[in-house]
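J.: how would this look folded up:
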Amino acid sequence: MGYTLNFSVVWASFDKLLWGLALGIGLAIASVALGAVIGLVCGFASVGPSPWARRLVAGYVAIIRNTPILVIVLIIYFALPQVGIRLDKIPSFIAALTVYSGAYLAEVFRAGLISVPKGVVEAARAIGLTRLQSNAYVVAPIMIRNALPALGSTFISLFKDTSIAAAISLPELTYQARKINVESFRIVETWTVASALYIATCLLMAAALRGLERRFPKF
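T.: Residues are numbered from 1 along each chain as shown. Modelled structure (predicted):
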């Protein structure tokens, strides 16, 4: 028996898919923004003078990057309440993705810091800037510009990782698609439309990030 495509059920619930997509984008933006703070601190610490800070950052990055994000999500949502730390679904997922993204962004920023010419840093110190001032006003802007391509790739990857939120019943795009699939049994149609939404969103993000890179010439 042949399979007959029928997208009517999917179109009838298309607003739910769009809402799930918007939620996924919001989760990614919030998590990357918070993860960038962790990444910046860890990035500077990883190239700083303190060996203890470098070891601590190296341990954090190694542990998180070798742990599946689903495990981190499940630990924060299901295990932490056992020790008295309870978070709702959205805060718990943002916390998990923040910890996860922080480890990757730490490496992105570390690479960006290494790419900053030493002569620029020495010139900043020579005109009287303190270490903190030279990092804030000279090193950080150059580092962020040099790291933009990697930052963009990381953000797109983390946006796709928001599909893991379905594991704790957060109604993002994958959860909504799975719900429509269970209710309608239109497997091909549901996942085709969901995949198209993911692909289109990632392509738009990539185009926007490339445009941003062109506006700021590399140092």
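J.: Please list all residues in contact with the residue nearest the centre of the chain.
T.: Taking CA atoms, centre = their mean as the criterion, L158 is the residue nearest the geometric centre of the chain, at 3.5 Å. In this structure, L158 makes contact with A28, S31, V32, G35, L97, Y100, S101, Y104, judged by CB atoms under 8 Å, 6 or more residues apart in numbering. C-beta coordinates here come from the backbone N, C-alpha and C atoms, glycine included.
J.: same check, this time on I25
T.: Listed by CB under 8 Å, 6+ apart, the contact set of I25 reads F159, T201.
J.: Return the set of buried residues in whichever strand or helix holds it.
T.: I25 belongs to helix 14-46 when assigned by DSSP states H and E. Of the residues in helix 14-46, those with enough neighbours to count as buried (16 or more other CB atoms under 10 Å) are 16-17, 20-21, 23-25, 27-28, 30-32, 34-36, 38-40, 42-46.
J.: same deal with stretch 128-145?
T.: Buried residues in stretch 128-145, defined by neighbour count with 16+ other CB under 10 Å: L129, S134, N135, V138, V139, A140, I142, M143, I144, R145.
J.: Quick check: the first one vs Y137, distance?
T.: Think L129. 7 Å (CB to CB, to the nearest Å).
J.: Touching both of those two, which residues are there?
T.: Joint contacts of L129 and Y137 (CB under 8 Å, 6+ apart) do not exist.
J.: Mind jotting down where the helices sit in this structure?
T.: Along the chain, the segments classed as helices by DSSP state H run 8-12, 14-46, 51-65, 69-74, 89-114, 118-126, 131-134, 140-161, 173-184, 187-215.
J.: closest one to P81 among these?
T.: Put simply, out of the helices of the chain the one that sits nearest P81 is helix 89-114, at 9.3 Å, with distance taken as CB to CB.
J.: Helix 118-126 and that closest one, what's the angle between them?
T.: Our comparison of helix 89-114 with helix 118-126, counting by axes from the mean of the first three to the mean of the last three CA atoms, to 10 degrees, yields an angle of 100 degrees.
J.: Run the chain-centre distance for helix 89-114.
T.: The chain centroid and the centroid of helix 89-114 are separated by 7 Å under CA atoms, centre = their mean, to the nearest Å.
J.: cool, and stretch 40-50?
T.: Taking CA atoms, centre = their mean, one finds the center of stretch 40-50 at 20 Å from the center of the full chain.
J.: now stretch 178-194
T.: The chain centroid and the centroid of stretch 178-194 are separated by 26 Å, computed with CA atoms, centre = their mean.
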